[in-house]
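Visitor: Below are the sequence and a predicted model for it; my questions follow.
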Amino acid sequence: MNVRVEHRGRLDGQEVAAVLTVVEAATEADGVRPLNEHVMLHLRYGGDERAGAVLLYAGDDLAGYAHVDPTDPVEGPSGELVIHPAFRGQGHGRHLLQAVLDRTGGHLRLWAHGGHPGAEALALSTGFTKIRSLWQMRRSLFAALPGFELPDGVRLRTFEPGSSDEEAWVALNAKAFAHHPEQGAWTLEDLRRREQEPWFDPAGFFLAVRPAGSGGTDNGGGGSGDSAGGGTTGGDRLAGFHWTKVHGDGGHGHEPIGEVYVIGVDPAEQGGGLGRSLTLAGLSHLRARGLAQVMLYVDESNTAAIHLYEKLGFTRWDVDVMYRR
């Protein structure tokens, strides 16, 4: 069978549809999506000029797809790839991975979602080593939730799309995740794309704010106490946020479930209990929506966050693994 590789920047509608067919088939076979949400969003919009796509064809059929993101100047290029289940066991995964390595000069960070044994075998046999694990943790929302109080001077309100909240959130997200290459690099476009998604609900997007000009609680969190990027609607200063999400089976193989999507706290506010309070505010909202479970993702190396989540009743459910060569 003739096998060929094609490199793309943006994809046309027919190519996007073909890739989504491969993704859905792999999700059905493996019980987990092979591509993360960020990649799926860009894919549905035809790709990303900053990144690239590698398409592997077996005859006239699309057998595999790889997303290549070369934009991190420190950590180097990263990628995710998927092979249609009907074309596995024929060397296509190795062929596609080699095409990606040729494109990146042999350097690559590679995600494997759900710790798939086939992905691990391919990575280790081609010279990759495991460098990072991302835990998925879950908690029942039927169990009791502890109460919480916000720090003095902080009040909670919801995000207002189309307002100055957008730029303030992007700025604080970058500040809160300055050492997190993926989350901290989100742009205004990344935020607005998610605002267009069917699951987006500003009623579940909580902002912790202080009156403009007021100071934070600096208890050694590493922040300077400066504003995290300007005021928000009404002149408030953004101190932290909890963006929740609700999704159905959507390839995850479960009934509708809540998600602690992103929590961020200004470094100047750390140590005052704001992160815990924001977490509980979001969990209370998700339980009020009648959901039975909530999930979140956290780096295995973030022991402080894991300790907090375990104290709140979360346990490890699954793991995504990153490899590097």
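Guide: Perfect, I can see it now. Numbers count the residues shown, from 1 in each chain.

Visitor: Show me what counts as buried in stretch 32-52.
Guide: Taking 16 or more other Cβ atoms under 10 Å as the basis for neighbour counts, the residues of stretch 32-52 that come out buried are 32-36, 38-43, 46-48, 51-52. To be clear about C-beta, it is placed using only N, CA and C from the backbone, and glycine gets the same treatment.

Visitor: Can you tell me which of those residues lies closest to residue 270?
Guide: Closest approach to residue 270 among the buried residues of stretch 32-52 (Cβ to Cβ): residue 38, at 25.6 Å.

Visitor: about what we covered before: list the ones among the buried residues of stretch 32-52 that fall in helices.
Guide: 38-43 (DSSP state H).

Visitor: now, which of the buried residues of stretch 32-52 sits nearest residue 180?
Guide: The nearest member of those to residue 180, counting by Cβ to Cβ, is residue 38 at 12.7 Å.

Visitor: give me every residue that touches the closest one.
Guide: Residue 38 makes contact with 182, 190 under the criterion Cβ atoms under 8 Å, 6 or more residues apart in numbering.

Visitor: Next one: it, what pLDDT does it get?
Guide: Reading off the confidence values, residue 38 has pLDDT 86.

Visitor: neighbours around residue 58, how many?
Guide: By other Cβ atoms under 10 Å, the residues close to residue 58 number 19.

Visitor: Make TSV out of the ones in helices among the buried residues of stretch 32-52 and add distance to residue 69.
Guide: What follows is these, written out as TSV (distance: Cβ to Cβ, whole Å):
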residue	distance to residue 69
38	9
39	8
40	13
41	13
42	9
43	12
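
Visitor: for those residues, which one is nearest residue 261?
Guide: Nearest to residue 261 among those is residue 38, at 12.2 Å by Cβ to Cβ.

Visitor: how much space between the closest one and residue 168?
Guide: Taken as Cβ to Cβ, to the nearest Å, the spacing of residue 38 relative to residue 168 amounts to 21 Å.

Visitor: With residue 6 instead?
Guide: Note on residue 6: its distance to residue 168, by Cβ to Cβ, is 42 Å.

Visitor: ok, these two, which is more surrounded?
Guide: Neighbours around residue 6 and residue 168, counted as other Cβ under 10 Å, are more numerous at residue 168. The numbers are 24 against 12.

Visitor: Against residue 136, how distant is the more buried one?
Guide: Relative to residue 136, residue 168 is positioned 29 Å away (Cβ to Cβ).

Visitor: Over to residue 99?
Guide: To residue 136, residue 99 is 30 Å away according to Cβ to Cβ.

Visitor: ditto for residue 103
Guide: 30 Å.

Visitor: where along this structure do the helices fall?
Guide: Applying DSSP H to the chain gives helices spanning 13-30, 37-44, 92-104, 117-125, 165-176, 188-195, 274-288, 303-311.

Visitor: buried set for the third one?
Guide: By neighbour count on 16+ other Cβ under 10 Å, the buried set for helix 92-104 is 92-93, 95-97, 99-101, 103-104.
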